[in-house]
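Asker: coords please:
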Amino acid sequence: VTHEFNTPISTLRLLIETAQLRPLGSEKTQEYLQRMAAEVARLEQASGQVLASARLEEATEPVSLRAHDLNELTGAVLQRLRPGLEARGARLEFTPAPVAVPVSLEEEAFGLILGNLVDNAIKYGPPSSPVGVRVERHGDVAQLHVEDRGGGIRKGEEQRIFERFYRSGEELTRETVGMGLGLHLVRSSVEAMNGWIRAAKGHLPLDQDWK
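Answerer: A predicted model of the protein is given here:
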């Protein structure tokens with residue numbers, strides 16, 4: 001966590017000190033401001049995840065669930081996230097179920113879940129490749145799939161990626177930012193709402209052991 005905070009802070013300090021040392025033209029000023037805004041957003045995301053993790057650990061009351069249609073709620077969350085995601089070069093493809101999918105959810109927790117899953121798909125997929133979000137209904141079971149075109153998870157890590165602070169790959173060779181809290185928050189939030197989450201290559205059939 002300290003590393004994840006120190007990196008953007010160091011970048012911000014360097015940009016500010018450089019701007020103080022010499023006058024910048026309008027084009028260079030805009031470039032610096034954009035880079036600084038990106039680092040601030042990174043800090044906000046990191047602090048948000050740490051706070052969300054702490055709230056989950058300290059929670060003593062059950063999550064308050066309300067009835068929703070998974071098609072409508074997923075579409076609304078993606079609509080809210082789309083401008084920022086597309087600014088990063090993401091291509092979102094949303095496929096709702098052809099019928100209503102009634103579920104009981106807590107809206108803020110669901111937004112965190114979907115936002116983290118889509119963010120992960122963008123980070124680990126090829127640049128500008130599509131990220132698919134698909135809703136399905138099978139009887140009383142609702143399924144939400146987030147799919148990317150990345151290389152997939154290394155064998156044996158399918159469950160470990162949901163552990164707190166775990167990140168796939170060697171620490172010194174990782175190229176993506178993060179601190180291993182996103183998927184931990186996703187699993188904790190899903191389970192708090194009586195759901196299950198799995199990671200796998202290819203389509204997850206309904207008859208798999210979801211526990």
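Asker: what residues does the helix or strand hosting residue 131 touch?
Answerer: With the criterion set as DSSP states H and E, the secondary-structure element containing residue 131 is strand 130-138. Residues external to strand 130-138 that are found in contact with it (CB atoms under 8 Å, 6 or more residues apart in numbering): 70-71, 74, 78, 90-97, 99-101, 114, 118, 121-122, 125, 142-149, 206. (Glycine included, C-beta is placed from N, CA and C.)
Asker: Which of these fall within helices?
Answerer: When those are checked against helices using DSSP state H, the ones located there are 70-71, 74, 78, 114, 118, 121-122.
Asker: any idea which of those residues is the one closest to residue 190?
Answerer: Sorting the ones in helices among the contacts of strand 130-138 by distance to residue 190 puts residue 114 at the head of the list, at 10.6 Å, by CB to CB.
Asker: In contact with the closest residue in space to the closest one that isn't next to it in sequence, which residues?
Answerer: On the basis of CB to CB, 6 or more residues apart in numbering, the spatially nearest residue to residue 114 that is not a chain neighbour turns out to be residue 77, at 5.0 Å. Contacts were defined as CB under 8 Å, 6+ apart; by that measure residue 77 touches 110-111, 114-115.
Asker: that older thread, of the contacts of strand 130-138, which qualify as buried by neighbour count?
Answerer: A residue is treated as buried here by neighbour count (16 or more other CB atoms under 10 Å); on that basis the buried members of these are 70-71, 74, 78, 90, 92, 96-97, 101, 114, 118, 121-122, 125, 142-144, 146-148.
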